Each structure stands twice: as C-alpha cells, then as structure tokens.
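Novice: Have a look at this prediction, sequence included:
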Amino acid sequence: MENNKTHKTYFILLGLFLVLMFFINISLGSVSIPNIAIFNSLFSTIENTSWQYIILDYRLPKAFTAIVVGSGLGISGLMMQTLFKNPLAGPFVLGITSGASLGVAVVTLGASLFGGFLLGALVSKWTIIAAATLGSFLVMLSVLVISVKVRDAMAILIIGLMFGSISAAIVNVLSYFSSAEELQQYVFWGFGSLGNLSWHELFILSSIYIIGIVLSLSSIKSLNSLLLGENYAKSIGLNIKQSRLVIVISTSLLAGSITAFVGPIAFVGLAIPHISRQIFNSSNHKTLLLAVFLIGAIIMLICDTIAQLPRSDYTLPINAITSLFGAPIVVWLLIRQRKMMF
Amino acid sequence: MEKATGHSILKTTNLSIGYTSKKVKTIIASNINIELKKGELVGLIGANGIGKSTLLRTLSNVQNALNGTIKINGKDITTHNPIALAKVMSLVLTEQITSKNLSVFELVALGRQPYTNWLGKLCRKDIEIVNKSLQQTNIANLKYKKCFELSDGQLQKVMIARALAQDTNLIILDEPTTHLDMYHKAYILKLLQKLAQETQKTIVFSSHEVELALQLCSKLIVISKKEVVSDTPNNLIEAGVFDNLFPKDLIAFDKKTQSFKVKK
C-alpha cells in the first residue's frame, strides 16, 4: 500500500510538470511574445492580433497535437510490448509506422497512377487517415500472425524491419511514377511535423485518438493477464482471440491516425513505456497506462519545444529530435539487460 | 467404502488423447477412465514421451480430446466458457511467466481475475484470499519481492499460491518439481499434500518423482504403453504396474522399499 502513495505523488508531480511544459511550449517559438501577452491571449482578446493568431491558431493546436501524439504513440507501444512479449516492440520497430507510410504513399503518390479512379479531391485528410490506419492495421495483423508461428522475439523484430524495407521499396516505385507535386507532398509529410494541424484536423485526430484510448482502457485487465503468458492468461479466463483483436485495433487506430497527421515519428512508442516502468517500478497496466500518457505527453512537448529552436527562424524536423533522444535509450536498454524486463 | 461417497470433481469416460494434424489422428492413449474425488492428491506418472503432458493439456482444455468426455463437477468441460472454467480449474504450467517484473502479491492477485470487474480491481475479499494463499504456501514474507529476485523453488511456491487464489475445486500442475533440488522437490509435493488435505481441493500433478509420489499421493494415474490405470499406490504396486513402467534393461522396481534400483 506504501507503493500506492508514492505513485499518487508521482502522478501529481507529473501532472503539474505536464501543465508547466504545456505553457513553456506555447510561450516559445520563432516569434518572441511576452508571457503576459500569451496568458491574456488565451483568455481574452489582445491588441496585437498577429500575436493572438500565432498563439491561438498555431501554437495552441500544436501543443495539443504534441500531447495526443506523445501519449498515443506511447500507449500503442506499451500495448505492443505486452502483446508481443517483447520489450523492443513499438510502432516504429515493428513496421506499423511503415505500414501507415505505405498507406499514405499509395493515396498521395498513387493518385496519378490510379488517376482514373481516384479524383484529386478524394485525397482528403480522411482518405489519408483511412489509408494510414488500414496500412498499420494490415502490418500489425501480419506481424501478429507471424509471431504466432515464430516464437523468437528477435526474429519478430527483424520481420518488422523487413516490412519497413518492403514498404520503402514500394514507396520508391510509386514515387518514380508520381508527379513532382505529389512527391513533394509525400516528402514533407515524411519529415513529420506537429505544427500543420488546424483546429478542425486536430478535432478529427482527437476523435480517433479517444476511440483508441477507450479501447486501451478496456484492455487493461487483459494486458495484465498477458503478463503471465498466453496459456496462463487463458487459464484465468481470458478470451485470447477477442482481447488480442481489441488490442490490435486500438494500437492501429492510435499509431495509424497519428502517423497519418504528423508523419512517421520514431522511438517515442518504444522508449516511453520503458521510462514509465523505470519511474513507477511497476508492470501493472492500470498504473502504466496513466504514467505513459503523462510521460509521453511531457516528452513530446519537450521535443517539440527543442525542435522549434526558440527565438530563431528555423524549425528542425520533429522526427530527428525524437530519434536523437530515443535511439540512445534503446541502446541503453540493450546494455542493461535486466532493465529490459517488462 | 467411504471414498465412494466422495464428491466427484473430475471424471473422464472413454477418453482418447493425441494430436490431429492435417486430418491424421495420432492417438497417444485411449480408453482412459479416471475419476478424481474431493481432497485427493493425485500423481500422474509415466516415462518420458509417453503422453503425460498431452493428458494434462487435454484435461485442462488446452487441447481437444480425440474421443470421449471429460466432466468437471459433473459438467462437460467443452461447455464451460473461459471464465466459468477458470472458476473451477487452475493451472501451474512448466512455462516461464512473461513478465518477472511483477511483485509476488501482484502475481498471486492475478489469480483473482475471474472474479474481478473490468478493471481488475481487488475488493477486500480478494485481498484476504490472496493473503491467505500466501500464508498457506509459506511465502507471506516474499509478498513485496519482485519475481526476478526469487529462486526457482520460491517461484514455484508463488505459482502454486496463484493457483490457490483462483479458488477452484481442481488444481492441475505440470511437472512442478523440475529444476528443483531433492529437498525442494519433497517440500513442494509435501506442500501439495497439505493443501489437498486442508483445503479439500483436488490436486493433480505430473512428475518423474515416482518414489515421492508413492509416499505422498492418495491416488496415482500411471501411463504406460499398454494402458492408463489409476488407483491407490498400494493397489498399483500389488498389481505390478511399476514393473512395466520403464524398459527393463537398466532399472527394476523393488516392492519392499517401493523404489527403483539400478541392476548390477
């Protein structure tokens, strides 16, 4: 019971830190705006309308997107690690992100190729989301089917990498046949960016995100059973097939829709669950789900703040920042084998 | 006669076990008729590769019977839904648990899952049962340890406590004594005997420890190439079942000491 108290303290601290990071994130950017003005613009109209525009229509949706992206990718990574019994699983490593990229490539780059059927207008945000979610769902299912046959954890990761290569190859072929504008659209999407979402798009993303989160909440009990292994899970009354399907749908919705909107973002899904397990020293998904939500959101806000290069005119691709922070964590995990436990 | 009045927990009728692959049935053993009663400690004995695991897997509904029926508490096993089955039968398997980062308490508490709500929240009664299971298996002192800190013997006790917490009439254990030294082998089996007597649960385990099983079990199921028989240890010895258990070139069963001796 001692444990519960420390956990509660951690949750409160992380919650406060999240709010703090949120305000730091919206107060920093290429245009320097005084803090008072930022605070006022959130709650009333201020004289400098361009400042208000920057805050309300650019920085605010970007900060919310960062929260959705960090927590969503973290939670989908957490579920994948438990489902595949593999501490190195995550949306990027297992090729789920590649599947989403492939889906997006098919609709953006393939538009001219299948031009007869797909009118240009059809390539709306919804088509991209649907394609990305479908792509990630298909890869997730294939990896799952293979993981039933191939028990070796490392082999599954290599298969995930192969899915990535296959997707990349198909994307290459598609880009060879596509027009310059389509290619540009795809390449920019591939850099990954949190800042391109309008309030309307953020609303669409959040709706799908909420469905994914609700499904993940409903899977808490099954995820905990799976910590024992499948045969034990069955013996304590878990309907394996059904709960597996719910987890797969939830992860594909989260990883797929997020990738569709902000592009492929590496390592967040893999690293966040491990950091959460370390901090909370627990494998209970009831604790972890909330922990991953908070820590994922915080780290994504920090990464985005760095990517903005405050006070300068440059913005780094967010994908580069998350890789710089995430890849060393993976190496560190591999070196400290004991901490790979989950 | 007093045993015949006991409540039947597990009953098989003309059971055949084996595998079906590509429509070819491979029968490992057939015509198995076993009846297990309340409070019995039952050992499942047989040579390597004879089908002990297959029988246990079939009894625990992990794989399907080729023929015949298995009844638990008088109800056919295939008609139980997963939760209902989890409330009458718990398992201790040979496989390692996936996450050893769980604490002993958390792991044992997972045994309460068939009874908890959608979030798996433990109510006061659940916590009481978990604590009682920890006491019955003598591991209350390990409650807050993480599973990766435990020795094989301790972990086996934790897995038994988890099965106890599931509060079922029947507990099935697949080779609970492998990887343990002689003392801990005896310790675990003695613990199972105590639990069967105290809790009146029916406990079935497979084991290679024929000699320990003969001393501790109230009933044995012996699988040999010819047949599957079940009876009390003494009756089985009288019937000479153990003479045919293994190939005869190396070891022989000595009735007097109830143990196997190497031929000189």
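Specialist: Structure received.
Novice: Would you list the phi and psi of the residue in chain B that chain A sits nearest to?
Specialist: With CB to the nearest CB, the shortest gap between chain B and chain A falls at residue B:86, namely 3.3 Å. To be clear about C-beta, it is placed using only N, CA and C from the backbone, and glycine gets the same treatment. Dihedral angles of residue B:86 (phi, psi; degrees, to the nearest 10) stand at phi -70, psi -20.
Novice: How about the one 4 residues further on?
Specialist: The phi and psi values for residue B:90, taken as degrees, to the nearest 10, are phi -120, psi 160.
Novice: before we move on, back to that, count the neighbours of the residue of chain B closest to chain A for me.
Specialist: The number of residues packed near residue B:86 is 23, by other CB atoms under 10 Å in any protein chain shown.
Novice: Can you tell me the element the residue nearest to it when sequence neighbours are not counted falls in?
Specialist: Spatial nearest neighbour of residue B:86, chain neighbours left out: residue A:237 (3.3 Å); criterion: CB to CB, 6 or more residues apart in numbering or on different chains. Under DSSP states H and E, no helix or strand contains residue A:237.
Novice: what about residue A:237, distance to residue A:90?
Specialist: 29 Å (CB to CB, to the nearest Å).
Novice: Of these two, which one has the most company?
Specialist: Higher neighbour count among residue A:237 and residue A:90: residue A:90, with 32 against 20, using other CB under 10 Å.
Novice: Let me see the contact set for that one.
Specialist: A:77, A:80, A:81, A:267, A:269, A:270, A:271 (CB atoms under 8 Å, 6 or more residues apart in numbering or on different chains).
Novice: try 10 Å
Specialist: A:73-74, A:76-78, A:80-81, A:84, A:96-97, A:157, A:160, A:255, A:266-274, A:326, A:330 (CB atoms under 10 Å, 6 or more residues apart in numbering or on different chains).
Novice: in a strand, that's where it is, yeah?
Specialist: No: Residue A:90: not assigned to a strand; according to DSSP: H, G, I helix; E, B strand; the rest coil it is coil.
Novice: How much space separates it from residue A:274?
Specialist: With CB to CB as the criterion, residue A:90 and residue A:274 are 10 Å apart.
Novice: where are the low-confidence patches of the chain?
Specialist: No chain specified, so I'll use chain A. Filtered on pLDDT under 70, chain A yields the residue ranges A:1-2, A:111-125, A:151, A:153, A:337-342.
Novice: You answered for a different chain; I wanted chain B.
Specialist: Checking chain B against pLDDT under 70 turns up B:1-6.
Novice: for the residue nearest to residue B:86, what are its contacts?
Specialist: A:221, A:225, B:80-87, B:113-115, B:166.
Novice: thinking again about what came up before, what do residue A:90 and residue A:274 both touch?
Specialist: With CB under 10 Å, 6+ apart, residue A:90 and residue A:274 have common neighbours A:77, A:78, A:81, A:330.
Novice: Which ones, among the residues you listed, also lie beside chain B?
Specialist: With CB under 10 Å from any CB of the partner chain as the criterion, the shared contacts of residue A:90 and residue A:274 include residue A:81 near chain B.
Novice: Please flag which of the shared contacts of residue A:90 and residue A:274 sit within helices.
Specialist: A:77, A:78, A:81, A:330 (DSSP state H).
Novice: Next up, the contacts around residue 59.
Specialist: Because you didn't say which chain, this covers chain A. Residue A:59 sits in contact with A:25-29, A:31, A:33, A:38, A:41, A:53, A:195, A:304, A:308, where contact means CB under 10 Å, 6+ apart.
Novice: actually chain B
Specialist: B:10, B:12, B:15, B:17, B:32, B:34, B:36, B:44, B:65, B:70, B:72, B:77, B:89, B:91, B:170, B:172, B:204, B:221.
Novice: Kindly confirm my reading that the second one is in a helix.
Specialist: No: going by three-state DSSP, the assignment for residue B:12 is strand, not a helix.
Novice: thinking it is in contact with residue B:76, fair?
Specialist: No: with contact defined as CB atoms under 10 Å, residue B:12 does not count as touching residue B:76 (11.0 Å).
Novice: For chain B, give me its nearest residue in the stretch 151-300 of chain A.
Specialist: residue A:237 (3.3 Å).
Novice: Give me the phi and psi for that residue.
Specialist: Torsion angles, degrees, to the nearest 10, at residue A:237: phi 90, psi 10.
Novice: same question, residue B:42
Specialist: phi -120, psi 130.
Novice: Please name the bridge partners of it.
Specialist: residue B:204, residue B:219 (DSSP bridges).
Novice: So what's the residue count around it?
Specialist: Counted with other CB under 10 Å, residues neighbouring residue B:42 total 24.
Novice: Residue B:135 now?
Specialist: Quick note: residue B:135 (other CB under 10 Å) scores 11 neighbours.
Novice: In contact with it, which residues?
Specialist: Contacts of residue B:135 by CB under 10 Å, 6+ apart are residue B:161.
Novice: near chain B, which residues of the stretch 201-342 of chain A?
Specialist: With CB under 10 Å from any CB as the criterion, the stretch 201-342 of chain A meets chain B at residues A:217-240, A:242, A:277, A:281-286, A:338-342.
Novice: give me the residue from the stretch 1-150 of chain A nearest chain B.
Specialist: residue A:85 (4.8 Å).
Novice: you'd agree residue B:19 is in a strand?
Specialist: Yes: remark: residue B:19 belongs to a strand, assigned using three-state DSSP.
Novice: does the closest residue to it other than its chain neighbours sit in a helix, a strand or a coil?
Specialist: Excluding its sequence neighbours, the residue lying closest to residue B:19 (CB to CB, 6+ apart) is residue B:26, at 4.8 Å. With three-state DSSP as the basis, residue B:26 sits in strand.
Novice: Quick check: chain neighbours aside, which residue is closest to residue B:105?
Specialist: Closest residue to residue B:105 apart from its sequence neighbours, by CB to CB, 6+ apart: residue B:143 at 5.0 Å.
Novice: tell me the contacts of the one you found?
Specialist: So residue B:143 contacts B:103, B:104, B:105, B:106, B:108, B:130, B:131, B:134 (CB under 10 Å, 6+ apart).
Novice: go on, residue B:8?
Specialist: Per CB under 10 Å, 6+ apart, neighbours of residue B:8: B:35, B:36, B:37, B:38, B:71, B:72, B:73, B:74, B:202.
Novice: ok, and the most crowded of those?
Specialist: residue B:202 (27 neighbours).
Novice: Quick one: the helices in the stretch 51-200 of chain A, in order.
Specialist: Under the criterion DSSP state H, counting those that start in this stretch, the stretch 51-200 of chain A contains helices at A:60-83, A:96-108, A:110-113, A:125-149, A:153-176, A:180-191, A:199-218.
Novice: try chain B
Specialist: B:52-59, B:82-88, B:104-109, B:124-136, B:152-165, B:182-199, B:210-216, B:233-238.
Novice: if we can go back for a sec, need the contacts of residue B:143 in a markdown table with neighbour count, can you?
Specialist: A markdown table is the format used below for the contacts of residue B:143 (neighbours: other CB atoms under 10 Å in any protein chain shown):
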| residue | neighbour count |
| --- | --- |
| B:103 | 21 |
| B:104 | 26 |
| B:105 | 21 |
| B:106 | 22 |
| B:108 | 28 |
| B:130 | 25 |
| B:131 | 17 |
| B:134 | 23 |
